[in-house]
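Q: What would the 3D arrangement of this be:
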Amino acid sequence: MELNGEPATLEQIKALALTNFGHFTSMLVEGKRVRGLSLHMERLARDSRQIFNAELDVDQVRHYIRQALVDDGTQPVVVRVTVYDPALDLGTIGTDAAPKVLVTTRSAPPQGEPKPWRLQAVSYRREIPAVKHIGLFGALRLRRVAQRDGFDDVLFLNPDGTISEVATSNIGFVRDGQIVWPRAEYLAGITMTLLHQALDEQVVTEPLTPADLGDMDAAFATNAATGVRSVIAVDGHQWPSDHKVVRELRELYADIPAELL
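A: Coordinates of the predicted model:
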């Protein structure tokens, strides 16, 4: 755990825990390469301007990530880059910010096909959906409720009933061989973006509600840590876990070239 390339102190981490104001991105690093690395850096720079009115040196961020990878890079690892200002607190949140970069690592999920998910649909909209900010209480509270009700995660519905996203993933659907993304305000994930770019004309976006789920042949979730995951149920709507198009999406994502850190 390093802050601007140095071991983070308890006081610096305490500021993050107690004030909880900042943004982040998470990426799977394999062989010191990352799919969509440039998109991750663009996200960090964009969100830093929006949250802190400050520019972020993404080349320096890449240096911090390389430094934090203490092994030889042969084992996959999930790296989280959190941008926040340890000097800000509840009373000084309006002052000019000098955000710093916290890099943390954790073991990557087991490689191979991830476990299919069952989702519980609930009405919820994240604050500033397009920003990957660290204010996760609402999303995690609903994930906890869903898991205690026997589901794996939670699917968010906007106040008008349209589908937006999973708590920390995007959701997509397959209909007649075509990929359908919800048309709504949500965080456009890096995995989702890479697939969208690769598929191009095979993709449409539409406003979707739970009433439309019966028209879908399959569903899947995407995020940087696990890639493409089958969704086999949303409430009472069920789909197969081994749909041909979802398998092809998983293979397509695995074949996307990764960028060197």
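Q: Next, A97: secondary structure please.
A: coil (DSSP: H, G, I helix; E, B strand; the rest coil).
Q: Please read the previous query as pertaining to V145.
A: Applying three-state DSSP: V145 is helix.
Q: residues contacting it?
A: 120, 122, 154 (C-beta atoms under 8 Å, 6 or more residues apart in numbering). (Each C-beta comes from the backbone N, C-alpha and C, glycine too.)
Q: From the residues you listed, list just the buried residues.
A: Neighbour-count burial (16 or more other C-beta atoms under 10 Å) applied to the contacts of V145 gives 120, 154.
Q: among the contacts of V145, which are in strands?
A: Counting by DSSP state E, the contacts of V145 place 120, 122, 154 in strands.
Q: Just the closest of these to A97, please.
A: Using C-beta to C-beta, V154 is the member of the ones in strands among the contacts of V145 that sits closest to A97, with 31.6 Å.
Q: hang on, that closest one packs against T168?
A: No - with contact taken as C-beta atoms under 8 Å, V154 and T168 are classed as non-touching, separated by 9.8 Å.
Q: so what sits against both of the two?
A: A139.
Q: packing partners for the worst-scoring helix or strand of the chain on mean pLDDT?
A: None of the helices or strands of the chain scores lower by mean pLDDT, DSSP states H and E than helix 10-19, at a mean of 90. Contacts defined by 3 or more C-beta pairs under 8 Å, 6 or more residues apart in numbering; DSSP states H and E place helix 10-19 against strand 77-84.
Q: Just the buried residues of the strand it packs on, please?
A: 77-79, 81-84.
Q: Stretch 176-188 now?
A: Result for stretch 176-188 [16+ other C-beta under 10 Å]: buried residues 179-182, 184, 186-188.
Q: Same check on stretch 58-71?
A: 58, 61-62, 64-65, 68-69.
Q: Filter those residues down to just the ones in helices.
A: Among the buried residues of stretch 58-71, the members found in helices (DSSP state H) are 58, 61-62, 64-65, 68.
Q: so which of those comes closest to A219?
A: With C-beta to C-beta as the yardstick, the closest approach to A219 among these comes from I65, at 32.5 Å.
Q: For stretch 158-176, measure first residue to last.
A: 26 Å (C-alpha to C-alpha, to the nearest Å).
Q: Now that stretch: buried residues?
A: In stretch 158-176, counting by 16+ other C-beta under 10 Å, buried: 158, 162-174.
Q: Present the residues you listed as CSV; the columns should include distance to V228, pLDDT and secondary structure.
A: What follows is those, written out as CSV (distance: C-beta to C-beta, whole Å; pLDDT from 0 to 100; DSSP: H, G, I helix; E, B strand; the rest coil):
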residue, distance to V228, pLDDT, secondary structure
N158, 24, 95, coil
T162, 23, 97, coil
I163, 18, 98, strand
S164, 19, 97, strand
E165, 15, 97, strand
V166, 13, 97, strand
A167, 17, 95, coil
T168, 15, 94, coil
S169, 10, 96, strand
N170, 10, 97, strand
I171, 11, 98, strand
G172, 9, 97, strand
F173, 13, 97, strand
V174, 11, 96, strand
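Q: Closest to F137 out of these?
A: Using C-beta to C-beta, those come closest to F137 at A167, 11.4 Å.
Q: and the nearest residue to V58 once chain neighbours are set aside, how many neighbours does it have?
A: In space, and not counting its chain neighbours, V58 is closest to M41: 4.0 Å by C-beta to C-beta, 6 or more residues apart in numbering. M41 has 21 neighbouring residues, counting by other C-beta atoms under 10 Å.
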